[in-house]
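> how would this look folded up:
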Amino acid sequence: MSDGNGPLSGLARKLPGLSSLLDADAPGPLPIRMLNAAGHRLGNSWIGLDPDDMVTRAERATRLSDWGDDKFRDALDRLLESARSEANLNAMGRLMIRNYVGRILENRLKVERDLKAHPSILSEEIRRPVFIVGLPRTGSTLLQRLLARDPAVRSLQTWETMYPSPPPEPSTYDCDPRIPLTDKRLKMLDWLAPGFAAAHELVAGEPEECVGLLQTSLKSYCFDLFGDFASYRSWLDEDDQRATYAYYRKLLQLLQWGYPKDHWVLKSPFHLWGLDALLETFPDAIIVQTHREPVQVAPSLCSLLSVTHRLCSDSAQPEAMGPIWLERLAAAMDTVMNARERVGEDRFVDISYRRLAANPVKVASELNDRCGFALSSTAVTAMRAWLGSNQQHKRGVHHYTLESFGLDARRVNQAFARYRKRFADYL
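As a prediction, this is how the structure comes out:
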């Protein structure tokens, strides 16, 4: 703030607490801090999170009303109840989740319209999809984007995760109007949370995690980006996720119907929590698991979450985040190892981060051989060209420490003891 005589000082006298929120060290740009200050004064309930109201808004925005069924309503109700009652969202947080969930609801209506208009979409076969699963900072994004240089690969672009409907078309795929629309949203995210891109860069026309499609079911742990949705997360823990992956498969069918290729390469660490449902939904799926020492991995997700938590909640506590997510990440690894023992190792391919970082194209070539996919010279040339123009840390260095999130190396290694023993050769 200025010297105490400017217009902001006058506003601060009318809005108690504004002085601290306008401090340069507070998270978010000045207009966002002012919005949150107003929320403290007026109460955040003026940014409504009522499920019935949001359903009505989506119908008005799309001029559609056929939801197909109402099975999503339970998840919507639980998510928004958790957002209202326990996530400690500030005004910005409530606004972000209202817009985010609103877009999801609009997407569901549009997808239902497409499925009714083109019944053949649901006849699309998803053959031998490749799913890259691995904790953050294990090289999964590098591997996904590298493999996507292959003209035979159907990747999932960021804009498709945000706006899957209508189905894309080959003639306009690279100039779809949803690309600049997505780019605008990503620039807004850069403005709201400048540290996000260093932790995980999003590019409208680049492959991205398929969690955006998983979220369309309104059942996803990724909503924890906004705050601590404890009761909603506990409810998800009891869900077998088969319905989530059945709907996710419909979205892949819709996108493939408009723009097919030889096989999908998809990626998300959130598949770790739904691996049983994924394997049941895609019986011929190939699971690629990326590996790295847990002490280098564990704080990364916490760091990403802390960027958005500080923006969306005035009571974010990074030091409390570490123990919660360490337990969840270690449990996810146990789930994967149990699944591997149950279904057999022939469905899985393991990738060491060290080897991938040292020779990405060689690892990609070996992976294709293992999966039975031919890798053309055109694909190899494209991979090398992409690596040359996409150096690591081009959007800044992602800084984080275990101690920042209430963790230490001994505790992390103890939690991942079974995993570290099983995959020691890949760490």
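
> ok, Thr378 - how many residues close by?
12 (other Cβ atoms under 10 Å). For every residue, glycine as well, the C-beta is placed using N, CA and C.

> And stretch 284-297, what's buried?
Residues of stretch 284-297 classed as buried under the neighbour-count rule (16 or more other Cβ atoms under 10 Å) are Ala285, Ile286, Ile287, Val288, Gln289, Thr290, His291, Arg292, Glu293, Pro294, Val295, Val297.

> Determine which two of those residues are furthest apart.
Farthest-apart pair in the buried residues of stretch 284-297 is Ala285 and Val295; separation 29.9 Å (Cβ to Cβ).

> Please report the number of neighbouring residues for Asp52.
Residues lying near Asp52 (other Cβ under 10 Å) number 10.

> SS state for it?
Following DSSP: H, G, I helix; E, B strand; the rest coil, Asp52 is assigned to helix.

> Please, where are all the strands along the stretch 151-300 of the chain?
In the stretch 151-300 of the chain, the strands defined using DSSP state E, counting those that start in this stretch lie at 153-154, 263-267, 286-291.

> Now do the first one: everything it contacts.
Translated: strand 153-154. Leu147, Gln256, Tyr259, Pro260, Lys261, Asp262, His263, Trp264, Val265 (Cβ atoms under 8 Å, 6 or more residues apart in numbering).

> That one pairs with which strands?
Sheet pairing here is set by DSSP bridges, and for strand 153-154 it gives strand 263-267 (parallel).

> returning to that earlier point: would you format the buried residues of stretch 284-297 as JSON lines with distance to Ala277 and pLDDT included?
Listed next are these as JSON lines, based on distance: Cβ to Cβ, whole Å; pLDDT from 0 to 100:
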{"residue": "Ala285", "distance to Ala277": "11", "pLDDT": "96"}
{"residue": "Ile286", "distance to Ala277": "16", "pLDDT": "96"}
{"residue": "Ile287", "distance to Ala277": "13", "pLDDT": "96"}
{"residue": "Val288", "distance to Ala277": "18", "pLDDT": "97"}
{"residue": "Gln289", "distance to Ala277": "17", "pLDDT": "96"}
{"residue": "Thr290", "distance to Ala277": "21", "pLDDT": "97"}
{"residue": "His291", "distance to Ala277": "23", "pLDDT": "96"}
{"residue": "Arg292", "distance to Ala277": "25", "pLDDT": "94"}
{"residue": "Glu293", "distance to Ala277": "29", "pLDDT": "92"}
{"residue": "Pro294", "distance to Ala277": "25", "pLDDT": "92"}
{"residue": "Val295", "distance to Ala277": "30", "pLDDT": "91"}
{"residue": "Val297", "distance to Ala277": "24", "pLDDT": "85"}
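
> wait, which of those residues is closest to Met92?
Val297 (29.2 Å).

> circling back: of the contacts of strand 153-154, select the buried ones using a ChimeraX command.
The buried subset of these, as determined by 16+ other Cβ under 10 Å, is captured in ChimeraX by this line:
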select :147,256,259,263,264,265
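
> show me the contacts for Ala374.
Ala152, Asn368.

> 10 Å instead?
Asp150, Ala152, Asp262, Asn368 (Cβ atoms under 10 Å, 6 or more residues apart in numbering).

> Could you identify the most distant pair in these?
Farthest pair in the contacts of Ala374 (Cβ to Cβ) is Asp262 and Asn368. Separation: 11.2 Å.

> Overlap of the contact sets of those two?
Common neighbours of Asp262 and Asn368 (Cβ under 10 Å, 6+ apart) are Asp150, Ala152, Val153, Ala374.

> Buried ones among those?
So, by 16+ other Cβ under 10 Å, the buried ones in the shared contacts of Asp262 and Asn368 are Asp150, Ala152, Val153.

> Mind putting those into CSV with distance to Ile121 and pLDDT?
Shown next, in CSV, are those (distance: Cβ to Cβ, whole Å; pLDDT from 0 to 100):
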residue, distance to Ile121, pLDDT
Asp150, 25, 96
Ala152, 22, 96
Val153, 21, 96
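
> now, which of those sits nearest Leu109?
Val153 (30.1 Å).

> ok, so of the buried ones among the shared contacts of Asp262 and Asn368, who is nearest Thr308?
Using Cβ to Cβ, these come closest to Thr308 at Val153, 29.9 Å.

> So what pairs up with the closest one in the strands?
Counting by DSSP bridges, Val153 forms beta bridges with His263.

> And it, how close does it get to Leu218?
Counting by Cβ to Cβ, to the nearest Å, the gap from Val153 to Leu218 is 29 Å.
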